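Engineer: Task: produce atomic coordinates for the following.
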Amino acid sequence: NVGSYGAIPNDANDDRQAIQNTIQAAINSGSAAKVSFATGEYKLSNKLSISGANYGLMLKGVTGTLFTMTNRDYGVTYIDQSKNVSLENITVDYSPLPFTQGTISSTGTGYSVMDIDSGYPQIDDGWIGAGIGVPQNGTGALLRDPNNPGRIKLNSPTNFNITSWSKISAGRFQINGLTNSSVGDRATFWRRHMDYALSIGNCPDGHVLLRNINLYSAPTMACSGGNTEKVFLRGCNFAIKPSTNRMQGPNGDGAHVASCKNGPEIVSCLFEGLVDDAVNLYGPPYSVQAKYADNHFAVYTNGKMLNV
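Structural biologist: Predicted structure coming up:
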């Protein structure tokens, strides 16, 4: 239990190191292990790393277990070089949010003026507006359908190339490159930072399961997996936070999975309000180097020669 290592929910302290210590102790045990969480909020200032978990590892919450990431430069979990890892019954959110939202109050040639909704980050907070022109970490905006949270405005572009912004007054910003808008339109303004919220790295001989994970915001992709035996998503919601006035979920893809040997297997999941693809699956090309039999080949891919 993470409480035994000092991670106490709802105490407003940074719980990252205590949780990381619990995870490492479970890995070092040399046998299958479960890291359990109580109801309440655990604050994280950096990602949780799971590496070398080769005997089976479960991170399991209960109803009401919440991870709040307080640093928008980081994802929440990174699983690498491990076998049979699962994350279950955990809600994830960011505070401050990696996007903001508001209402268009005036327009001009090549720009719109947006009034930020109460309680949302300001564009000049040092992070949201700092992605202009930064490769892979850029800033964008979308016009939203006010009657259907998460949808873009009918006949609106799927992304705007934001070239610059300026502050007019407290809570009011001119956004250059946000066009095709009308006074009263609703809009979101976001920055991508390429550290995926739930990231799965090289687990070529293992399975990774995400079960009943609710992720309501992220600086880029919600879940990214690559070079893993199989990824399972079951009962996950990568979506707009319920009972809020948010108009956006994570700032990138929902499930972005590459080069898995099997799957992924995605069952009973909700993808809503994403800035990019709901599901993106792909793999590198395979070059056939030799044929040994009708069902036996030597193939080359991603710098490796494989017999299949």
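
Engineer: helix/strand/coil for residue 129?
Structural biologist: Taken by DSSP: H, G, I helix; E, B strand; the rest coil, the conformation at residue 129 corresponds to helix.

Engineer: so what's it closest to, chain neighbours aside?
Structural biologist: Nearest residue to residue 129, sequence neighbours excluded (Cβ to Cβ, 6 or more residues apart in numbering): residue 123, at 4.2 Å. The C-beta positions use only the backbone N, C-alpha and C, and glycine is treated the same way.

Engineer: With residue 114 instead?
Structural biologist: residue 102 (4.5 Å).

Engineer: neighbours of the one you found, just the number please.
Structural biologist: By the measure other Cβ atoms under 10 Å, the count of residues near residue 102 is 23.

Engineer: coming back round to it: so the residue nearest to residue 129 sits in a helix?
Structural biologist: No: using three-state DSSP, the assignment for residue 123 is coil, not a helix.

Engineer: show me what contacts it?
Structural biologist: With contact set as Cβ atoms under 8 Å, 6 or more residues apart in numbering, residue 123 has these partners: 100, 116, 129, 165, 167, 173, 175, 189.

Engineer: Same question for residue 33.
Structural biologist: Neighbouring residues of residue 33 by Cβ under 8 Å, 6+ apart: 26, 27, 55, 56, 57, 58.

Engineer: now, the most widely separated pair of those residues?
Structural biologist: Pairwise distances among these were taken by Cβ to Cβ; the largest, 12.0 Å, belongs to 27 and 58.

Engineer: about what we covered before: have a look at the contacts of residue 123 and tell me the least confident one.
Structural biologist: On pLDDT alone, residue 129 ranks lowest of those, at 93.

Engineer: pretty sure it is touching residue 167, no?
Structural biologist: No: under the contact definition of Cβ atoms under 8 Å, residue 129 does not touch residue 167, with a separation of 9.0 Å.

Engineer: Comparing those two, which shows the higher neighbour count?
Structural biologist: Here residue 129 and residue 167 are set side by side on neighbour count (other Cβ under 10 Å), and the busier one is residue 129, at 22 against 13.

Engineer: check contacts around the more buried one.
Structural biologist: Counting by Cβ under 8 Å, 6+ apart, residue 129 makes contact with 123, 139, 165, 191.

Engineer: what's the answer for residue 268, then?
Structural biologist: When contacts are counted by Cβ under 8 Å, 6+ apart, residue 268 is found next to 234, 235.

Engineer: please begin residue numbering at 23 from this point
Structural biologist: Happy to do that; since the first residue is 23 now, the last one works out to residue 290.

Engineer: Just the pLDDT for it.
Structural biologist: Among the per-residue scores, residue 290 shows a pLDDT of 98.

Engineer: follow-up on the earlier one: could you tell me which of the contacts of residue 145 count as buried?
Structural biologist: Neighbour-count burial within those applies to 122, 138, 151, 187, 195, 197, 211; the criterion is 16 or more other Cβ atoms under 10 Å.

Engineer: sec struct for the first one, please.
Structural biologist: The reference is to residue 122. Assigned with three-state DSSP, residue 122 falls in the strand class.

Engineer: Could you verify my assumption that it touches residue 210?
Structural biologist: Yes: under the criterion of Cβ under 8 Å, residue 122 lies in contact with residue 210, with a separation of 7.1 Å.

Engineer: low pLDDT regions in the protein?
Structural biologist: Residues of the chain that meet the criterion pLDDT under 70 lie in 157-158, 306-307, 324-325.

Engineer: quick one: which helix or strand includes residue 80?
Structural biologist: In the assignment (DSSP states H and E), residue 80 maps to strand 79-82.

Engineer: Take that strand, keep the C-alpha atoms, and write them as PDB.
Structural biologist: This file holds the C-alpha atoms of strand 79-82, laid out as PDB (Å, rounded to 0.1, in the frame of the first residue of the first chain):
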ATOM      1  CA  LEU A  79       2.800  -5.800 -11.400                       C
ATOM      2  CA  MET A  80      -0.600  -4.200 -10.700                       C
ATOM      3  CA  LEU A  81      -1.300  -0.600  -9.800                       C
ATOM      4  CA  LYS A  82      -4.800  -0.700  -8.500                       C
END
